[in-house]
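> Attaching a predicted model along with its sequence, questions to come.
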Amino acid sequence: MTTTTLAVLVPLLPFLGAVAGLLLGRTAPGFVRPLAVLPVLASLALAVTVAVDQGGGLAINSHTELTPTGSVPIELGLHIDGFAALVAVLVGVVATCVQIYSTGYLRDDPHYPSYAALVSLFTSAMLLVVYSGDLMVLLVGWEIMGICSYFLVGHYWETPEARAASLKAFLVTKLGDVPFLIGLFALATDAGSFRITTVLGTVASGGLHHPTVVALLLLAGVAGKSALFPLHTWLPDAMAGPTPVSALIHAATMVAAGIYFVARLLPVFQASAAAMIVLAVMAGVTMVGSGLAALAQDDIKRVLAYSTIGQLGYMAGALAVGDRGAAVFHLLAHGAFKALLFLAAGVIIHASGTNSLAAMSRMKDLRLRVPDAFWTMTVALLALAAIPPFSGFFSKEAVLGAAEHVATGHTEQAPGASGWIVLITGLVTAVLTAAYATRLWLLAFRGHGTEAPDHGSQPVTMTAVLWVLAIPSLAFGLAFGPLPDWFDGRDLTPVLTTSVLGTGLALVGGIVTYGAWRHTTALATRVPLGAVAAHPDADAGHVEAEAIASHEPVYGDVAKAPDPADPGRLLLGPLHRHAAVGFHLDTVYSVLFVRPVQAGATLVRFLDREVVDTYVRGAGALPRWLGTAVRRAQTGNVQTYVSALLAGTVVLVVAALLVATGA
């Protein structure tokens with residue numbers, strides 16, 4: 001087979017597996033698990049083969065006109081360069097691990113057949129986005145991922161949280177998709193084609209008429225899909241779905257699609273300095289805000305969700321300084337260790353037998369009960385905190401190094417302001433990332449919560465996957481040497497200045513968090529837990545010093561009180577309550593958008609019922625009354641008709657006489 005044929009099969013096999021899984025899920029349940037795992041596994045093998053054939057050399061292009069349009073043609077095309085080849089391998093690895101993991105995690109779930117089929121369809125859609133050489137075909141995969149996320153996040157549809165989260169994810173991403181679609185049409189109109197290579201050629205020749213408008217329209221869709229400020233609020237709530245779905249969305253699909261799209265079309269955004277600065281501001285606010293919010297979360301999956309938002313901010317920051325190699329490098333490294341973090345969290349949740357114990361304040365002695373999750377999650381957290389020699393150090397330093405080069409004027413691929421914004425916020429986020437990673441590790445594995453029931457050992461399909469993902473989490477960063485040959489050729493070697501600064505700040509964040517944990521733990525041994533339960537918004541030191549009036553709900557059950565040894569409360573202080581709810585951004589959206597829409601809907605309902613319906617009812621009543629009057633006049637009695645005729649004659653005669661007399 002040719003490389004092009006193999007590339008076509010990469011997204012096609014998971015799609016066929018999804019269709020077969022949906023058709024045979026009820027009639028032949030024994031085929032569900034093989035149909036979930038084998039097509040995705042085969043797709044991974046083909047993606048690796050395509051990557052080897054592509055070899056980081058010239059891009060593989062193939063296209064055929066999908067349908068005659070009479071104007072801008074829509075083509076079924078492939079465009080596989082080094083970026084696409086490696087990202088497709090990442091998607092295949094994570095999807096395969098998720099499908100294998102899910103056979104154990106959801107082994108007793110009655111909805112597993114539909115779940116597995118949707119995961120395969122999700123994978124197929126992302127692979128279509130990665131390999132697509134035409135923007136309209138890319139849009140198809142883009143939108144299929146949106147509907148798959150709606151169903152998968154709402155997998156536990158019996159719970160109101162899952163229903164609300166799925167609807168929120170769908171609506172927020174669609175809010176960005178509307179201007180995104182307009183931007184695609186504007187881009188294709190200027191280029192005369194939806195083919196990506198043609199679009200990039202048009203940009204290179206200066207044929208893009210309104211680059212700032214087009215870039216900002218596209219950024220709206222990217223912000224929604226990749227959970228960048230201000231359209232990031234759906235991602236933490238999406239944790240209501242199954243944990244393997246969270247791993248898939250956060251590591252290799254959905255949120256990675258927006259970053260990959262900008263990397264693929266980076267010259268479009270570089271054509272506008274204003275758009276690059278806007279992207280840098282979005283990245284900076286996303287990084288710092290998500291780091292603060294993660295430090296205040298109690299649910300382990302929400303911590304990881306805000307962590308993903310922050311790492312997406314790093315990727316967007318690399319793009320804002322014009323280095324898509326650093327962005328995709330961090331995308332690949334992050335995909336490995338973030339999938340590992342979520343799947344390890346799933347092992348913890350599965351061991352407790354309930355999602356309610358995802359609260360870190362209630363975890364105790366987990367390092368002894370789930371050793372596989374403990375060791376592998378430790379590796380992933382070190383990679384997340386960018387501690388050398390773990391993979392996150394090399395990929396994050398590539399981002400900071402690129403920002404430093406732009407900020408200091410060594411390169412002019414982006415405005416200098418973008419470089420300074422990304423560099424400063426990236427270094428601040430390095431402290432916050434290490435802080436919340438350390439806090440998560442301390443509370444999850446050395447916490448003082450309540451003893452959870454032990455549900456026995458975990459299936460080997462779950463624990464084996466953790467060790468598989470631990471390998472790239474530890475070693476992938478060492479690929480910084482050969483990777484430039486697959487990308488744009490820019491050096492990804494860590495820069496001394498940012499390496500020292502970034503690592504030093506990360507160590508400071510971890511050490512300060514550990515010291516705060518030791519301090520609060522010591523205070524917790526002297527303060528009755530009931531006092532903390534009565535004042536859940538205060539740290540143990542304040543409770544010991546004085547009685548305070550809390551504005552948060554009072555916990556009636558001491559076992560449900562916040563962990564008095566939570567260092568996040570001490571580190572954030574009065575900022576904690578605001579960070580815990582995402583700085584009230586959902587409230588702002590509710591005031592600005594939700595309530596006006598609800599008020600408008602109420603007004604429309606009133607007008608429809610009281611005005612339109614009244615008019616319709618009145619328009620029907622008048623003919624009905626006339627018909628009733630005419631019907632009553634038609635009695636069928638001849639004497640009545642003669643009497644009416646005589647009476648009418650008399651009336652006419654009298655009227656004629658009156659007229660004649662008056663004349």
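The structure has been received and is ready for your questions.

> Only C-alpha atoms from now on, for both contacts and neighbour counts.
Will do.

> For whichever strand or helix holds Leu200, give me every contacting residue.
Leu200 is part of helix 196-204 when elements are defined by DSSP states H and E. Contacts with helix 196-204, where a contact means Cα atoms under 8 Å, 6 or more residues apart in numbering, come from 79, 133-135, 187-188, 190-191, 193, 208, 265, 267-268, 271.

> Among the residues you listed, name the ones in helices.
135, 187-188, 190-191, 267-268 (DSSP state H).

> now, among those residues, which is nearest to Phe329?
When the ones in helices among the contacts of helix 196-204 are compared for distance to Phe329 (Cα to Cα), Pro267 wins out at 18.4 Å.

> what about that closest one, neighbour count?
17 (other Cα atoms under 10 Å).

> roughly how far apart are Leu432 and Met282?
Distance, Leu432 to Met282, using Cα to Cα, to the nearest Å: 18 Å.

> Drop the exposed ones from the contacts of helix 196-204 and show what's left.
Buried members of the contacts of helix 196-204, counted by 16 or more other Cα atoms under 10 Å: 79, 133-135, 187-188, 190-191, 193, 208, 265, 267-268, 271.

> Let's have the residues you listed in JSON lines, adding distance to Ala28 and pLDDT.
Shown next, in JSON lines, are those (distance: Cα to Cα, whole Å; pLDDT from 0 to 100):
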{"residue": "His79", "distance to Ala28": "38", "pLDDT": "93"}
{"residue": "Gly133", "distance to Ala28": "37", "pLDDT": "92"}
{"residue": "Asp134", "distance to Ala28": "38", "pLDDT": "93"}
{"residue": "Leu135", "distance to Ala28": "38", "pLDDT": "94"}
{"residue": "Leu187", "distance to Ala28": "47", "pLDDT": "94"}
{"residue": "Ala188", "distance to Ala28": "46", "pLDDT": "92"}
{"residue": "Asp190", "distance to Ala28": "51", "pLDDT": "92"}
{"residue": "Ala191", "distance to Ala28": "49", "pLDDT": "92"}
{"residue": "Ser193", "distance to Ala28": "45", "pLDDT": "90"}
{"residue": "Leu208", "distance to Ala28": "54", "pLDDT": "91"}
{"residue": "Leu265", "distance to Ala28": "44", "pLDDT": "96"}
{"residue": "Pro267", "distance to Ala28": "50", "pLDDT": "96"}
{"residue": "Val268", "distance to Ala28": "49", "pLDDT": "96"}
{"residue": "Ala271", "distance to Ala28": "54", "pLDDT": "95"}
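
> Export the residues you listed to TSV and append columns for distance to Thr503.
TSV is the format used below for the buried ones among the contacts of helix 196-204 (distance: Cα to Cα, whole Å):
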residue	distance to Thr503
His79	37
Gly133	39
Asp134	41
Leu135	40
Leu187	41
Ala188	44
Asp190	45
Ala191	44
Ser193	46
Leu208	41
Leu265	32
Pro267	32
Val268	34
Ala271	34
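
> From those residues, pick the one nearest Tyr436.
Top of the list for closeness to Tyr436, among those and by Cα to Cα, is Leu265 at 33.3 Å.

> residue ranges for the strands of the stretch 1-150 of the chain, please.
When assigned using DSSP state E, counting those that start in this stretch, the strands of the stretch 1-150 of the chain occupy the ranges 60-67, 74-80.

> from those strands, which stretch is densest packed?
Stretch with highest mean neighbour count among these: strand 74-80 (a mean of 22; mean count of other Cα atoms under 10 Å).

> any idea of the angle that strand forms with helix 196-204?
Counting by axes from the mean of the first three to the mean of the last three Cα atoms, to 10 degrees, strand 74-80 points 80 degrees away from the direction of helix 196-204.

> Run the chain-centre distance for strand 74-80.
Between the centre of strand 74-80 and the centre of its host chain there is 26 Å, according to Cα atoms, centre = their mean, to the nearest Å.

> Quick check, His330 in contact with Leu400.
No - between His330 and Leu400 there is no contact, the gap being 11.0 Å when judged by Cα atoms under 8 Å.

> who has more neighbours, these two?
Counted by other Cα under 10 Å, His330 and Leu400 do not tie: Leu400 has more neighbours, with 31 against 26.

> Tell me the first helix or strand C-terminal of the helix or strand hosting that one.
Leu400 is part of helix 391-407, with elements assigned from DSSP H and E. With elements assigned by DSSP H and E, the helix or strand that comes after helix 391-407 is helix 416-445.

> quick check: mean pLDDT across that next one?
Helix 416-445 carries an average pLDDT of 95.

> now swap in stretch 168-180 and tell me
Stretch 168-180 shows an average pLDDT of 94 in the prediction.

> Convert it to PDB, retaining C-alpha atoms only.
As requested, C-alpha coordinates have been extracted for stretch 168-180 and formatted as PDB (Å, rounded to 0.1, in the frame of the first residue of the first chain):
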ATOM      1  CA  LYS A 168     -22.400  23.700  28.900                       C
ATOM      2  CA  ALA A 169     -19.500  22.200  27.000                       C
ATOM      3  CA  PHE A 170     -21.600  22.000  23.900                       C
ATOM      4  CA  LEU A 171     -22.900  25.600  24.100                       C
ATOM      5  CA  VAL A 172     -19.600  27.300  25.000                       C
ATOM      6  CA  THR A 173     -17.700  25.600  22.200                       C
ATOM      7  CA  LYS A 174     -20.500  26.400  19.800                       C
ATOM      8  CA  LEU A 175     -20.300  30.000  20.900                       C
ATOM      9  CA  GLY A 176     -16.700  30.100  19.500                       C
ATOM     10  CA  ASP A 177     -17.500  28.000  16.500                       C
ATOM     11  CA  VAL A 178     -19.800  30.600  14.900                       C
ATOM     12  CA  PRO A 179     -17.100  33.200  14.400                       C
ATOM     13  CA  PHE A 180     -14.700  30.400  13.600                       C
END
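
> And it, what's buried?
When burial is assessed from 16+ other Cα under 10 Å, stretch 168-180 yields the following buried residues: 168-177, 179-180.

> Check stretch 331-348 too.
Buried residues in stretch 331-348, counting neighbours by 16+ other Cα under 10 Å, are found at 331-348.

> again, but for stretch 407-427
Under the neighbour-count criterion of 16+ other Cα under 10 Å, stretch 407-427 has 407, 411, 413-427 buried.

> Now do that stretch: distance to the chain's middle.
On Cα atoms, centre = their mean, the centre of stretch 407-427 falls 27 Å from that of its chain.

> Much appreciated, bye for now.
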